[in-house]
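1. Sequence first, then the predicted structure, then my questions.
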Amino acid sequence: MILIVVEHDQGALRKSAFELVGLGRSLAIASGARLAALVLSAAGDDLASELARYLDEVHLVRDARLDPPRAETVTRAVAHAAQTLGADVVLLPASRAGLAYGPRVALRLCGSLLEDVTSVTFEGDTVVATRPAYLARVSATVVAKAKPVVVSVKPGAAPIAALADTSGRVHPLAVPFAAEDLRLEPSARQAVVKGRVALEEADVVVCGGRGLGSAEAFERQVVGLADRLGAGVGATRAVVDAGWRPYVEQIGQTGKTVTPKLFLALGVSGAVQHLSGMNRSGVIVAVNKDADAPIFRVTDYGIVGDVHEVVPALAAALEGPD
Amino acid sequence: MDFALPEELRALQRTVRSFAQREIAPIAAELDREPRFPWPSLRAMGALGLLGLTTPEADGGAGLGSLAAAVLLEEIAAADASHATIMSVTSGLPQALLVRHATPAQRARWLPRLASGEWIGAFCLSEPHAGSDAAAIRTRARRVADGFELSGTKAWVTGGGEAHLYLVLAATDAGAGARGISAFVVERDQAGISFGAPEAKLGQHAAITTEVRLDACFVPLEQRLGTEGQGLVMALQALDGARIGIAAQSVGIGRAAFDAALAYADERQAFGVSVREFQGVGFPLADMATRLEAARLLTLRAAWLMDRGRRVTKEASMAKLFASEAAAFVTDAALQVFGGYGYSREYPVERYFRDARVTRIYEGTSEIQRVVIGRQLYRDRDRAEAPGREAGA
Amino acid sequence: MTIVTIVKQVPEAEARVRVQGGALDLAGATFVLDGMDEYGVEQALRLREAGEASEIVAVGYGPRETEQALRTALAMGADRAVLLEASGLDDPLTVALALAEVVREAGADLVLVGGKQADWDSAALGPALAEALGWPHVDWATAFTLSGQAFESVHEIDDGSETLRGSLPLVVTTQQGLNEPRYPTLPNIMKANRKPLDVRPAATEESRSAARSYAVVERERRRVVLEGDASSAASELVRRLRDEAKVLG
């Protein structure tokens, strides 16, 4: 059977949940396997009920110890569910959280891990996936050699699932948490300002680089344009290191991977580490005053010029007649 | 015969290459446009040990040999020629002379500060009217009670006004020519030393160069270095090592230009193909690579011989002559590969071209190197013919 | 207290990675100590300088050339090194099981490992190593302090950051922002050659997953440069995004 682990935030399922349902469905159809989803929550059954509109079998672990989520409690819950339900494949989102508990689940189940994949299929009985390697300069085809197979799936790797005809059932599941699952004591969670679309879920991303010159200029040009476009805001490592923007907005090797339909790079030079986080975007636009900047090698449309002149002009052009 | 660098030297090279490319190369263009003595990056170089390469560890240096110094200087020069010049001077001249000739008290007073980069050292030999003809210097050191009084003007001093320590050559016996010159250490804060405005130069803008003026500058006896009258002999000896340094620097600048040209010729398209496909580009690239390789081999061999305790006057001059001429050729050819962009300040090749030019001039012009080599040819022959000596040993 | 810091040798970020007949071709690439691991080595040194650690052991897994990365760690200040020699890319779970043995043998209470490996683009090694040891882990740490056995760490999570407290043992995955790694000094690079480096074959089980083939990721891009002044280039861009690429409404 195929088990999907869904993530949620502030009472709503994340976009990745619907992508995993879509992916799970196609894998289930191809292999004839049973499909189920797992919801981990400290409160409320609403999420499980909503998910049951998409697939027949939903398992809900409701436990106060899941808040705030820790890699170890989630590992315990997912591994327990996978064992109890007899999962052959566990699909989970390749979020920071998923990348942290995924390897632990795989090892605890004595299975294998296909990490951060961009596609996954069955070849007969074998699970095969593709994933980026070498700072996303190449794509590797990887084969699982032990079961069960834990697969963490990159955001945007699968289309969003549509509602199913039937409504499924929600099954409660109790997990035997242990004291050792609670060894770390979380405190002082600092969430970034909400209200803007999450970076990984955005259809349009506006990303700023050091070429902006200052935190104020970043706010004015990049955030300003993002707000106008309803876009997510991204930043390069240099910007984050300079303290202009928080780490959660970083795109690249150590930050997030994004695959929006449109990616606008403003004052971004295009270091390999950065490209690895955005080179699968649909259409890439770059504005940079250095015509020789590596970013122009991966762009669809480039403007060689000063971001401080081009961005206001762009804002004006967007206002103009269609 | 083994041409491979030992692994420990390659480990040094990897670290310094990474340091130079990350910390120095990115600021080179700006330093060229807005010249200033690059103190922050010099401090960082000092922390690594790059400003006291051949000074013994006991004196606060890195304790490396000439071969290592040449390899590492090439790395710094490939990132920025100005840094390489400052490094080459402070490490190669004042420190090299102190290491060889200083009293224990002098060593303890100056070497740790210089080797760590806390202080930068400068070398004052050339004068407005005496460049290649070093014995003709007019700066006088007059004997007074407890010391000397120095008067005169020194030209082309790298780090003038910025460096803390000045190794000054002055005539103690005006009638004795080359044998009447002595070496003195003057500190920047001493009375009687002052500095001219930075010279406006073709290249290497961050390696600030000024005149140094000595006006009845009192120098106590304990600041004379080595034996009286031996100053020029000592300086010329140290110049062998310094010339290997300039050779290594030339290779470094040339390499930076060559690498830029190689990448550009691959990327730049014309008539539907990479321009490297054209012989007009491919052949110069081949010539550039060949000359660079030859220059590097001459340089490393001279350094290697020096580490074996050999007198390398001829080899150092050959390396310096060939490498500086190669750097001129390579930077010019690289600029040509870039076409119009090569002439533009948007790209770094025109800077390499300007920075390389002086390598044919300082520490002895190409013409002087030929004089030195030519003289050595007969000395070597005469030595070989002398009974009881082996040629080439 | 002993700290183990895991290091890996990876191709430089700027290195060209080619694929020939589905196989990876790294010929000509320069290999370096993975930048992510460097933060771990630096943090270990700082903890020792703060008097919280007595011994730092750098441990590598990979081909013989990994010795270079280990020598760099030694030059930065690690006391000794162990290399589990293995050819090829084993999956992080397999590597973690092998490394766990070395960590236990060293009697370490703290393991520092890079947040993401620059070759396999994997963030799995740290969590997997913690699992293999039965320890908790902190991933993507940007601050870490230790007082005896008690630690406090700030780490990045999906929507912000979080502070975690607890007591050792612990695995921490490191990244930029945690510290600014030092360059080894030239004399220390020379001395690193005389520090103990123990090379032994990695006795691992069979890899649980393996790469079968590689392909170069390169999407065809239009690579159009829009000419003209800012306002005409911007208008042209908006027009093309609407009419040609159809990504704007």
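-> Looks like it arrived, so ask away.

2. and C:Val82, how many neighbours?
-> Using other CB atoms under 10 Å in any protein chain shown, the number of residues around C:Val82 comes to 21. To be clear about C-beta, it is placed using only N, CA and C from the backbone, and glycine gets the same treatment.

3. What are the phi and psi values at it?
-> Reported as degrees, to the nearest 10, the phi and psi values for C:Val82 are phi -130, psi 130.

4. A:Val90 falls within a strand, correct?
-> Yes - assessed by DSSP: H, G, I helix; E, B strand; the rest coil, A:Val90 belongs to a strand.

5. Contact partners for it?
-> By CB atoms under 8 Å, 6 or more residues apart in numbering or on different chains, the contact list for A:Val90 reads A:Ile2, A:Leu3, A:Ile4, A:Val5, A:Val78, A:Ala82, A:Val105, A:Pro148, A:Val149, A:Val150, A:Val151.

6. same question, C:Pro187
-> Contacts for C:Pro187 (CB under 8 Å, 6+ apart) come out as B:Gly49, B:Glu57, B:Ala62, B:Gly63.

7. Give me the pLDDT value at B:Ala270.
-> Per-residue pLDDT puts B:Ala270 at 79.

8. Quick check: which ranges of the chain have low pLDDT?
-> Going with chain A. In the predicted model of chain A, residues A:192-195, A:320-322 satisfy pLDDT under 70.

9. Wait, chain B was what I had in mind.
-> Judged by pLDDT under 70, chain B has its weakly predicted residues at B:387-393.

10. switch to 80 and redo it
-> For chain B, the stretches with pLDDT under 80 are B:1, B:131-135, B:269-270, B:385-393.

11. residues in it within reach of chain C, list them.
-> The interface of chain B toward chain C, taken as CB under 8 Å from any CB of the partner chain, is made up of B:7-8, B:11-12, B:14-16, B:18-19, B:44, B:47-50, B:53, B:57, B:62-64, B:72.

12. Give me the spatial nearest neighbour of residue 156, chain neighbours excluded.
-> Looking at chain A here, since you left the chain open. A:Thr259 (3.6 Å; CB to CB, 6 or more residues apart in numbering or on different chains).

13. nope, chain C please
-> The shortest distance from C:Glu156 to any residue that is not its chain neighbour, by CB to CB, 6+ apart, is 4.2 Å, and that residue is C:Trp140.

14. Just to be sure, the one you found is in a helix?
-> No - read with three-state DSSP, C:Trp140 is strand and lies in no helix.

15. for it, what are its contacts?
-> A:Arg96, A:Thr254, C:Gly115, C:His155, C:Glu156, C:Ile157, C:Thr173, C:Gln175.

16. If you count neighbours, what's buried in the helix ranked longest in chain A?
-> Under DSSP state H, the helix in chain A containing the largest number of residues is helix A:15-31. Taking 16 or more other CB atoms under 10 Å in any protein chain shown as the basis for neighbour counts, the residues of helix A:15-31 that come out buried are A:15-25, A:27-28, A:31.

17. And the contacts of stretch A:121-130?
-> Under the contact criterion CB under 8 Å, 6+ apart, stretch A:121-130 has outside partners A:27, A:30-31, A:89, A:114, A:117-120, A:139-144, A:149, A:151, C:212.

18. Separate out the buried members of those.
-> Among the contacts of stretch A:121-130, those classed as buried by 16+ other CB under 10 Å are A:27, A:31, A:89, A:114, A:117-118, A:120, A:139-144, A:149, A:151.

19. Dihedrals phi and psi, the residue nearest to the spatial centre of chain C?
-> Within chain C, one residue has its C-alpha closest to the average C-alpha position: by CA atoms, centre = their mean, that is C:Gly114, at 3.2 Å. For C:Gly114, the backbone dihedrals are phi -60, psi 140 (criterion: degrees, to the nearest 10).

20. OK, contacts around it?
-> Going by CB under 8 Å, 6+ apart, the list of residues near C:Gly114 reads C:6, C:8, C:34-40, C:125-126, C:173-175.

21. Show me those that map onto helices.
-> Taking DSSP H as the definition of helices, these contribute C:Gly35, C:Met36, C:Asp37, C:Glu38, C:Tyr39, C:Gly40, C:Leu125, C:Gly126.

22. Residue in chain C with the shortest distance to chain B?
-> Proximity to chain B, evaluated over chain C using CB to the nearest CB, is greatest for C:Leu186 at 3.7 Å.

23. Pull the number of nearby residues for that residue.
-> The local packing of C:Leu186 (other CB under 10 Å) involves 25 other residues.

24. Could you do A:Ala64 as well?
-> Summarising burial for A:Ala64: neighbours were counted as other CB under 10 Å, giving 8.

25. excluding its backbone neighbours, what's nearest it?
-> Nearest residue to A:Ala64, sequence neighbours excluded (CB to CB, 6+ apart): A:Ala42, at 5.3 Å.

26. residues in contact with that neighbour?
-> Listed by CB under 8 Å, 6+ apart, the contact set of A:Ala42 reads A:Arg62, A:Asp63, A:Ala64, A:Arg65, A:Leu66, A:Asp67.

27. Quick check: buried residues in the strand or helix carrying B:Gly254?
-> Secondary structure here is read from DSSP states H and E; on that basis B:Gly254 sits in helix B:231-267. Across helix B:231-267, burial judged by 16+ other CB under 10 Å covers B:231-232, B:234-235, B:237-258, B:260-262, B:264-265.

28. Now C:Lys191: closest residue in space, sequence neighbours ignored.
-> C:Ala75 (7.5 Å).

29. overlap between the ones in helices among the contacts of C:Gly114 and the residues near chain A?
-> When CB under 8 Å from any CB is applied, the members of the ones in helices among the contacts of C:Gly114 adjacent to chain A are C:Met36, C:Leu125.

30. pretty sure B:Leu377 is in contact with B:Thr313, am I right?
-> No - B:Leu377 sits out of contact with B:Thr313 when judged by CB atoms under 8 Å, with a separation of 11.3 Å.

31. what about the two, which has more around it?
-> It is B:Thr313, of B:Leu377 and B:Thr313, that has more neighbours when counted by other CB under 10 Å, with 20 against 11.

32. one step back: of the contacts of C:Pro187, which is the most crowded?
-> The most crowded member of the contacts of C:Pro187 is B:Gly49, carrying 29 neighbours; neighbours defined as other CB under 10 Å.

33. Which residue ranges of the chain form helices?
-> You didn't pick a chain, so chain A it is. Under the criterion DSSP H, chain A contains helices at A:15-31, A:46-51, A:71-85, A:96-108, A:215-218, A:224-229, A:237-241, A:272-275, A:307-319.

34. meant chain B, my bad for not saying
-> Residue ranges of the helices in chain B, as given by DSSP H, are B:7-19, B:25-33, B:39-48, B:66-79, B:81-92, B:94-101, B:104-115, B:231-267, B:279-307, B:313-337, B:340-343, B:349-357, B:366-385.
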